[in-house]
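>>> got a sequence here, can you build the structure:
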Amino acid sequence: MDHVLPPVFIAIAALCLSFGLYAIWQSLRGLFEARATPARVAARSEREKLVEQKGSLLRALKELRFEHELGKISDQDFEALDARYRAQAKKVLRALDAQLGDFRRQAASLIEAELREAGADGSSNEALRVPASGVEEVADAVAARDSACPACGVKNDADAVFCKKCGQRVAPDTTSSGDAPGGKA
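Down below sits the predicted model:
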């Protein structure tokens, strides 16, 4: 028995030492990576936090709807919680969109440069001109639209196409009868 104990203790000590060295290595590696690009890590972590928050809000909305359908939550509580979660989700989505503003401006300038270059051969590209604030104009128009349902009067979200209570269309139909899929011209 005496000849078995020392190798067992040596194996346990080696295992503990290897776990300790691995933990030290992981902490130092994280420290060096964060030190290399602190602005990038901070920006990435802010975006990751927003994306994670968006996911949790969407899951909460889905779970809330499920519990309401089961009858565990009253209509009044459901509407209050649904409105609160949706307002938080809109703030998060706007914050995510705001982070993309620089990229949108860069994309618009690249598109305009390509269009100017394509127009150098004499063809006119005035009809293809990209507005600098096109995204913001569309967002303002959607937000300004009255979203009360004409049938039941329930106030819907600004971007709603159908009423959340009765299902009637609250947004104008943008497709003509010939453009609708399956429609007859």
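
>>> residue boundaries of the helices in the protein?
Here the chain has its helices, by DSSP state H, at 5-36, 38-70, 75-99, 101-119, 134-144.

>>> identify whichever of the ones you listed lies nearest to residue 155.
Closest to residue 155 of these, according to C-beta to C-beta: helix 75-99, at 9.5 Å. For every residue, glycine as well, the C-beta is placed using N, CA and C.

>>> okay, the angle between that closest one and helix 38-70?
Relative orientation of helix 75-99 versus helix 38-70 (axes from the mean of the first three to the mean of the last three C-alpha atoms, to 10 degrees): 160 degrees.

>>> quick one: mean pLDDT over helix 75-99.
In this model, helix 75-99 has a mean pLDDT of 91.

>>> and that helix, which residues are buried?
Across helix 75-99, burial judged by 16 or more other C-beta atoms under 10 Å covers 78, 81-82, 85, 88-89, 92.

>>> with stretch 52-62 instead?
Going by neighbour count (16+ other C-beta under 10 Å), the buried part of stretch 52-62 is 53-54, 57, 60-61.

>>> hmm, back to that, nearest to residue 157, of the helices of the chain?
Between residue 157 and those, the tightest spacing by C-beta to C-beta is seen for helix 75-99, at 6.6 Å.

>>> who are the packing partners of the closest one?
The contact analysis (3 or more C-beta pairs under 8 Å, 6 or more residues apart in numbering; DSSP states H and E) places helix 75-99 against helix 38-70.

>>> so which elements touch the helix it packs on?
helix 75-99.

>>> hmm, back to that, could I get the buried residues of helix 75-99 as a markdown table with distance to residue 21?
Converted to a markdown table, the buried residues of helix 75-99 look like this (distance: C-beta to C-beta, whole Å):
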| residue | distance to residue 21 |
| --- | --- |
| 78 | 54 |
| 81 | 49 |
| 82 | 52 |
| 85 | 46 |
| 88 | 44 |
| 89 | 45 |
| 92 | 41 |
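
>>> of all the residues you listed, which comes closest to residue 20?
For those, the closest approach to residue 20 (C-beta to C-beta) belongs to residue 92, at 40.6 Å.

>>> show me what contacts that closest one?
Residue 92 makes contact with 50, 53-54, 57 under the criterion C-beta atoms under 8 Å, 6 or more residues apart in numbering.

>>> okay, it and residue 46: tell me how far apart.
Separation of residue 92 from residue 46 (C-beta to C-beta, to the nearest Å): 12 Å.

>>> and residue 10, by the same measure?
Remark: distance between residue 10 and residue 46 (C-beta to C-beta) = 48 Å.

>>> quick check, nearest of the buried residues of stretch 52-62 to residue 108?
residue 54 (25.1 Å).
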